[in-house]
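Q: the following comprises the amino acid sequence and a computationally predicted model.
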Amino acid sequence: MPDPRTFSLPETVHGTATDRALGRAMLDAWRRDGYFLLALDARRASTVTNALTASRSFFGLPAASKRMYVNDLTYSGYAASGEEVTAGKVDHCEVFTVCRDFPLDHPRVLDRLPCHGPVPWPGRHYRRAVRTLMGDLGGLGDTVLALLALGLGHAPAALTGHAADGWHHLRALRYPSTARESGNGLGVHTDYGMLVLTVQDEAGGLYVRPPVEGEHRGRNWLPEESTAGVYEDRGPWHPVVPVPGTVTAFPGDILQFLTGGSLVSTPHQAKLTARERYSIAYFHEPSFDAELRPLDGGEPLHYGTHFTNMFLRCYPDRPATRRILREGLVPRPAAPLPA
Ligand SMILES: O=C(O)CCC(=O)C(=O)O
Ligand SMILES: [Fe+2]
């Protein structure tokens with residue numbers, strides 16, 4: 001297995017020949033390895049360290065305290081180990097999810113859009129650390145999307161245009177050590193949006209499946225083609241070795257959709273390790289309301305519907321799921337919504 005490709009990003013993208021070549025090199029790396037690394041400058045590296053530190057201290061709270069950070073409007077907040085399910089199997093990780101943070105009196109909350117509500121933040125320090133990280137990774141995400149669009153032969157804004165009002169979200173995770181738990185960590189899945197940026201601590205444990213010539217890859221947005229649990233027992237599965245000062249980048253379902261399958265969403269899983277493990281995954285997404293079409297044309301896909309379906313699938317018994325099902329909430333209201 002060759003070493004992963006590592007890229008340094010320019011601060012701005014102008015569409016020069018150098019930018020196009022960088023975009024093409026990123027596409028080649030994904031087509032070979034399923035992921036690449038992005039080198040962080042010192043400021044962004046310390047943002048990552050701060051967020052991981054804040055995450056450690058949150059997960060260190062007593063179980064009963066953590067369980068208070070949940071509400072039934074949104075998937076934002078805390079999920080205990082065992083609440084999340086991938087392909088019918090329980091995942092052994094605790095998660096704190098941060099979606100868009102809407103106050104209770106926001107028109108989109110009042111309009112009863114599923115997944116819309118306030119983030120139940122566990123404190124100001126945690127909120128600051130996570131928001132700073134989301135801002136930094138969001139900036140990198142836009143740069144990567146602009147370069148990818150150029151690499152694909154499109155205008156730089158062809159992908160970033162979708163991210164402008166993006167449903168960007170983040171998951172902070174803690175996995176128990178193999179001394180405490182013998183089951184799986186996080187089962188095989190693909191992520192739902194355009195771009196995934198992850199960091200993990202020194203424990204490692206993240207595995208990706210690179211594209212394999214001739215191998216069928218599901219379109220995860222179609223219920224009959226779920227990628228959850230795919231090829232779990234069959235290689236190749238390549239470990240993503242933690243490299244301090246980098247983030248790992250791979251494509252999600254929506255890039256597969258937008259490129260008509262010329263890129264495939266990278267299946268990945270996290271295995272438990274000898275020591276407790278901490279990671280953070282950031283998801284750079286289209287707008288919840290986006291009616292997306294492949295760059296070269298085709299049938300539309302409503303992102304908010306895909307997102308909601310995926311969370312319903314992962315969390316069969318979470319308060320937000322029960323509310324969506326009980327009240328029959330739909331991601332796409334009949335009348336256009338105010339901003
Ligand atoms: O724990 C990790 O490294 C990956 C987490 C992940 O894949 C996710 O949250 O979707
Ligand atoms: Fe993931």
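A: Yep, it's here. Ligands and ions are numbered 1, 2, ... in the order given.

Q: list the beta-bridge partners for His268.
A: As for beta bridges, His268 partners with His189, Val208 under DSSP bridges.

Q: who touches it in this structure?
A: With contact taken as CB atoms under 8 Å, 6 or more residues apart in numbering, His268 is in contact with Gly34, Val188, His189, Thr190, Leu206, Tyr207, Val208, Arg209, Phe250. Placement of C-beta: from N, CA and C, glycine included.

Q: could I get the residues you listed as JSON lines with neighbour count?
A: JSON lines is the format used below for these (neighbours: other CB atoms under 10 Å):
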{"residue": "Gly34", "neighbour count": "24"}
{"residue": "Val188", "neighbour count": "22"}
{"residue": "His189", "neighbour count": "24"}
{"residue": "Thr190", "neighbour count": "25"}
{"residue": "Leu206", "neighbour count": "24"}
{"residue": "Tyr207", "neighbour count": "19"}
{"residue": "Val208", "neighbour count": "19"}
{"residue": "Arg209", "neighbour count": "25"}
{"residue": "Phe250", "neighbour count": "26"}
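
Q: among these, which one lies nearest to Trp221?
A: Nearest to Trp221 among the contacts of His268 is Thr190, at 10.0 Å by CB to CB.

Q: backbone phi and psi for the closest one, please?
A: Note on Thr190: backbone dihedrals following degrees, to the nearest 10 are phi -110, psi 160.

Q: and the residue nearest to it when sequence neighbours are not counted, how far from Ser226?
A: Distances taken as CB to CB, 6 or more residues apart in numbering place Ser265 nearest to Thr190, at 3.8 Å, with adjacent residues excluded. Per CB to CB, to the nearest Å, Ser265 is found 12 Å from Ser226.

Q: hmm, back to that, among the contacts of His268, which are in reach of ligand 1?
A: Among those, the residues that sit close to ligand 1 (CB under 6 Å from any ligand atom) are Leu206.

Q: pick the one among the contacts of His268 closest to ligand 1.
A: Leu206 (4.0 Å; CB to the nearest ligand atom).

Q: partner strands of the host helix or strand of Leu38 and their direction?
A: Here Leu38, judged by DSSP states H and E, is contained in strand 36-39. Strand 36-39 pairs in its sheet with strand 6-7 (parallel), strand 246-251 (antiparallel), by DSSP bridges.

Q: mean pLDDT for those - can I get that in CSV?
A: Formatted as CSV, the strands paired with strand 36-39 follow (pLDDT from 0 to 100):
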stretch, mean pLDDT
strand 6-7, 98
strand 246-251, 98
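
Q: Asp142: what secondary structure?
A: Counting by DSSP: H, G, I helix; E, B strand; the rest coil, the backbone at Asp142 sits in helix.

Q: what strand or helix carries the residue of the stretch 51-200 of the chain found nearest ligand 1?
A: Residue of the stretch 51-200 of the chain nearest ligand 1, by CB to the nearest ligand atom: Arg171 (4.1 Å). Here Arg171, judged by DSSP H and E, is contained in strand 169-175.

Q: could I get the CA-only coordinates of that strand as CSV?
A: Output of strand 169-175 as CSV, limited to C-alpha atoms (Å, rounded to 0.1, in the frame of the first residue of the first chain):
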residue,chain,number,x,y,z
HIS,A,169,-22.3,19.4,10.7
LEU,A,170,-19.8,17.7,12.9
ARG,A,171,-19.5,14.6,15.1
ALA,A,172,-17.2,14.3,18.0
LEU,A,173,-16.6,10.7,19.0
ARG,A,174,-15.2,8.6,21.8
TYR,A,175,-14.6,4.9,21.5
